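# sequence and computational prediction follow.
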Number of protein chains: 2
Amino acid sequence: MYDLIIIGGGPGGYAAAISAGQAGLKTALIEKKYLGGTCLNVGCIPTKLLLGYTEPIENIKHLKRLRLGDGQFSPDIKSIIKRKNNIINATQKSIAQSLKKLGVEVYTDKAFFINPQTIKLATSNKELLFKHAIIATGSKSTALPGTSFNGQTILSSTDILNLETIPSSLAIIGAGAIGLELGQFFSRLGTRIILIEALNHPAPLEDQDIGQEIQKHLKKEGWELYFQTRVEQITTTNNQVHIDLGFKTIQVEKCLLAIGRSPNTQELNLENCEINLDTRFIPVNEYLQVTKNIFAIGDVNGKIMLAHAAEDQGRYVVKFITQKITTPYFPRIIPSCIYGFPEVMSVGKKEKELKDYQVTKALLAANPIAQAHGVSSGFVKVIWQNNKVVGISAVGYKVSHLVTLATIIVSQGWTKETTHNYIFAHPTLDESLKEALLA
Amino acid sequence: MYDLIIIGGGPGGYAAAISAGQAGLKTALIEKKYLGGTCLNVGCIPTKLLLGYTEPIENIKHLKRLRLGDGQFSPDIKSIIKRKNNIINATQKSIAQSLKKLGVEVYTDKAFFINPQTIKLATSNKELLFKHAIIATGSKSTALPGTSFNGQTILSSTDILNLETIPSSLAIIGAGAIGLELGQFFSRLGTRIILIEALNHPAPLEDQDIGQEIQKHLKKEGWELYFQTRVEQITTTNNQVHIDLGFKTIQVEKCLLAIGRSPNTQELNLENCEINLDTRFIPVNEYLQVTKNIFAIGDVNGKIMLAHAAEDQGRYVVKFITQKITTPYFPRIIPSCIYGFPEVMSVGKKEKELKDYQVTKALLAANPIAQAHGVSSGFVKVIWQNNKVVGISAVGYKVSHLVTLATIIVSQGWTKETTHNYIFAHPTLDESLKEALLA
């Protein structure tokens, strides 16, 4: 009998397992493939490595535009893919070691529920009893209706991460973080990019002014942009993809579908725990409970599909089980970032969610650190209600570096006066956030 | 009769002037040369621009070492110097506009005291009466005893910032922020660098482990390093500088003296206000007062020689004068950074200042953002007393971006538990700070 069984070894699952191990719970973690989940293996981490390893191309471009010098950088794609895979493997091993050290038993297998106290492993047929279980099975890329991923021309973000030859043209359907980040990588390598989005600006989860700033940059980079545009049909002939937009057809070498992600719930046999899935995501209450002793965290509950949100939920559930915490999980201030150029970060409320609010802004054009990199577009925006900060977002050079600072400011509900309690070092990008706070 | 006269238009002076203008004080600012002071004109800002504009050279080197690609970047030095000067000029104008908009009268002149209520302008002979005065005259580079700056071969940081030809060899005396940052710039351009420091590691104000990390990198870059080494004599013959270290003589094209800075106090006629300068710096009490109605802020009081400390002191004095604050200025948590590679940041207490303390550390080798830039050396260090954070420092890739976050954490005296109140976005450099907090 385990105190806790966790299904899924992604950021949510292994954070829960580590917390549980630290708390002295008898814990098992079941992962069907690789520790680290989507984030480590085919998500946040590999995309950040691909963007980091090609960043000189971007930086040189900015400086060349200002005639401050000349140069070029040619990445070695095979080495980059190899190094990315090495880092991923090393991180998997390091997660496995941490779990082992804490006495967490790790099973590499698929798992499903037999009843509300028993999980069965699909390959070994072993049955495991549990007091509590956490479902942390994550999500997978969603295809368009009538289209399926073929791994050759119609690609998911997972497929595209291991391409060793650079396509001459790539259509990206979906202008969220995944589409934008992967688009940047291939754009830097010379791929012609066509971006198609159903909503009216890139980064559609963010406010419109953030999206417009990104759009300005993508246009300058020569991306072909289609907003408020729906894809009618995707077909492949002779290794070329034809994307029918109704009013025109686009022909490209590869197509990335980045329109969203669906929860991995199909093989869990949730009905054996009397959980009826009327919704796509597993419904949870404010304590992240599905039933009294079964919890769902991370992508699979659909609340916030971000690695650090899953981690945080994992740690919360362990605290809840061990009665270290009795308050509901929500609301939590959850930061988010988009990498590449320009970067985006946002924390807390957005303008589009609010009615009565004030906005203050600072332009990065006046920031010496942005100036020093030849990239002075973008801004930091602070959203206020009742003279307190309720949201911060930013777009521009390296603004992801402001994200935890912003998280603390929003969480603590700073007023203008609070800003004066702290000295902001000069010169830093952080000073633009200070300027926006005091504007 | 002015409510407030400020002598010196650097970061301290103009921050005070802007605060005073906002507070409705009748205010004059006297600047003998350029608004913005050392920081804007010949200090923090130009060095950051020079480092930023040559950063691709550094980044490409890191990626080439890992065989992730090949390339080069050749900066156009004349364009870089021109753009630097344009940015400085634009910022001077923007400061002037802000002051004008707030009704601050700006005099471009030298100033000295006639008595504790009167300042005289040296060129115009105008006399100005004041209720309060702030001395914010800053500092200038110190030469070695027996050596003076000649602007040709023996250079101050001010001289070297406008070199349009790149010396083949440069000796830098003093391994503090100024020496390290300017050394990086010239090193990137191919100059042979010889670094000479009287103390036993680079960045001698920081803890030894920080210094050793920098030293490792400088060695790899091929710098010739001399620590615990005193310069006996510097002579120039045939446009070559000979630096006598006692045990050997070094011959270079140029020599940068970056051993420290002296306060600008000589022409103020402080004796007319019954201020006796027994010390190099102007002595102030805990309210930054020199006398009842005369204050000294920034480099000239020698407390903390950093632009943002001067700014903060300027704002404090205006609050003190207008009776918005009655508490002493000190202690204030003042962050500091060194730019280039590796970057350094530190906030609060250092190990070398303490006896009873604990240290927790996280290596950047495990951080995906450092990994993504091919630079995984360095660390983040947290210093604890009584289970509360009293100091944070870091060395490595872009750690300057952690500095305000660290300032808030030290100021708020976080415990390990406080860390769990906030979600750190993944992947970010900030997570290394979180890891160090939780280690």
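Okay, I see it.
# residue A:287 touches residue A:323, doesn't it?
No. Using C-beta atoms under 8 Å, residue A:287 makes no contact with residue A:323, being 11.8 Å away. Where you see a C-beta, it was placed from the backbone N, CA and C, and this is true even at glycine.
# neighbour-wise, which of the two wins?
residue A:287 (15 against 7; other C-beta atoms under 10 Å in any protein chain shown).
# and the residue in the stretch 101-250 of chain A that chain B sits nearest to, what does it touch?
Residue of the stretch 101-250 of chain A nearest chain B, by C-beta to the nearest C-beta: residue A:189 (10.6 Å). The neighbours of residue A:189, taking C-beta atoms under 8 Å, 6 or more residues apart in numbering or on different chains as the test, are A:54, A:57, A:75, A:77, A:166.
# burial measure for the residue lying closest to the third one once chain neighbours are set aside, as a count.
Setting aside the residues directly before and after it, residue A:75 is nearest to residue B:69 in space (C-beta to C-beta, 6 or more residues apart in numbering or on different chains), at 3.9 Å. Each residue near residue B:69 was counted by other C-beta under 10 Å, and the total is 21.
# hmm, residue B:69 is touching residue A:74, no?
Yes. The pair residue B:69 / residue A:74 is scored as a contact, 5.5 Å apart, by C-beta under 8 Å.
# how near is the closest residue to chain B within the stretch 251-400 of chain A to residue B:38?
Chain B sits closest to residue A:372 of the stretch 251-400 of chain A, with a gap of 2.6 Å, by C-beta to the nearest C-beta. Distance of residue A:372 to residue B:38, given as C-beta to C-beta, to the nearest Å: 18 Å.
# what sits against the spatially most central residue of chain A?
The structure's chain A has its C-alpha centroid closest to residue A:306; by C-alpha atoms, centre = their mean the separation is 4.7 Å. For residue A:306, the contact set (C-beta under 8 Å, 6+ apart) comprises A:334, A:336, B:425-426.
# the residues you listed in strands, which ones?
residue A:336 (DSSP state E).
# out of the contacts of residue A:306, grab the one that's most surrounded.
residue B:426 (25 neighbours).
# list the contacts for that one?
Residue B:426 makes contact with A:11, A:39, A:44, A:306-308, A:311 under the criterion C-beta under 8 Å, 6+ apart.
# how much space between it and residue A:425?
25 Å.
# assign the nearest residue to residue A:160 once chain neighbours are set aside to helix, strand or coil.
Leaving aside its sequence neighbours, residue A:160 sits nearest to residue A:256 (C-beta to C-beta, 6+ apart; 5.4 Å). Classification of residue A:256 by DSSP: H, G, I helix; E, B strand; the rest coil places it in strand.
# repeat for residue A:283
Assigned with three-state DSSP, residue A:283 falls in the coil class.
# okay, buried residues for stretch A:211-219 please.
Buried residues in stretch A:211-219, counted by 16 or more other C-beta atoms under 10 Å in any protein chain shown: A:211, A:213-215, A:217-218.
# for residue A:65, state which of those residues is nearest.
Nearest to residue A:65 among these is residue A:217, at 11.8 Å by C-beta to C-beta.
# that closest one - that's part of a helix, no?
Yes. Inclusion of residue A:217 in a helix is indicated when three-state DSSP is applied.
# contacting residues around it?
A:341-342, A:377.
# next one, pLDDT for it please.
We note a pLDDT of 97 for residue A:217 in this prediction.
# what's the answer for the one 4 residues further on, then?
According to the model's per-residue confidence, residue A:221 sits at a pLDDT of 95.
# skipping its backbone neighbours, what lies nearest it in space?
residue A:187 (6.0 Å).
# check what contacts the host helix or strand of that neighbour and list those residues.
For residue A:187, the host element (DSSP states H and E) is helix A:177-188. By C-beta under 8 Å, 6+ apart, the surrounding residues in contact with helix A:177-188 are A:47, A:50-51, A:54, A:57-58, A:157, A:160-161, A:166-167, A:170, A:172-173, A:193, A:195, A:197, A:202-203, A:214, A:221, A:223, A:256, A:258, A:336-341.
# what subset of the residues you listed is buried?
By neighbour count, with 16+ other C-beta under 10 Å, these hold A:47, A:50-51, A:54, A:57-58, A:157, A:160-161, A:166-167, A:170, A:172-173, A:193, A:195, A:197, A:202-203, A:214, A:223, A:256, A:258, A:336-341 as buried.
# out of those, which sit inside strands?
Of the buried ones among the contacts of helix A:177-188, the ones assigned to strands by DSSP E are A:170, A:172-173, A:193, A:195, A:256, A:336-338.
# among those residues, which two are most distant?
Largest separation among those by C-beta to C-beta: A:170 and A:336, giving 24.4 Å.
# from chain B, how far out is residue A:54?
Using C-beta to the nearest C-beta, to the nearest Å, residue A:54 is found at 8 Å from chain B.
# okay, the nearest residue to that residue once chain neighbours are set aside: pLDDT?
Closest residue to residue A:54 apart from its sequence neighbours, by C-beta to C-beta, 6+ apart: residue A:188 at 4.6 Å. You'll see residue A:188 listed with a pLDDT of 97.
# residues near residue A:188, how many?
By other C-beta under 10 Å, 23 other residues sit near residue A:188.
# what's the answer for the one 3 residues further on, then?
A count of nearby residues for residue A:191, using other C-beta under 10 Å, gives 18.
# so who does it touch?
Per C-beta under 8 Å, 6+ apart, neighbours of residue A:191: A:166-170.
# kindly report the same for residue A:272.
Contacts of residue A:272 (C-beta under 8 Å, 6+ apart): A:112-116.
# same check, this time on residue A:198
Neighbours of residue A:198 in contact, by C-beta under 8 Å, 6+ apart: A:228-230, A:259.
# at 6 Å instead, please
By C-beta atoms under 6 Å, 6 or more residues apart in numbering or on different chains, the residues touching residue A:198 are residue A:230.
# contact residues of the stretch 51-200 of chain A facing chain B?
Proximity of the stretch 51-200 of chain A to chain B (C-beta under 6 Å from any C-beta of the partner chain) is limited to residues A:52-53, A:56, A:59-60, A:67-76, A:79-80, A:87.
# what subset of those is buried?
Buried among these by 16+ other C-beta under 10 Å: A:52-53, A:56, A:59-60, A:68-69, A:71-73, A:75-76, A:80, A:87.
# of these, which belong to strands?
Residues of these located in strands (DSSP E): A:69, A:71-73, A:75.
# between those, which sits nearest residue A:364?
Distances from residue A:364 to those, taken as C-beta to C-beta, are shortest for residue A:69 (21.3 Å).
# low-confidence ranges in the stretch 251-400 of chain A?
For the stretch 251-400 of chain A, not a single residue meets the criterion pLDDT under 70.
# what parts of it come near chain B?
Residues of the stretch 251-400 of chain A lying near chain B by C-beta under 6 Å from any C-beta: A:307-308, A:312, A:334-335, A:337, A:368, A:371-373.
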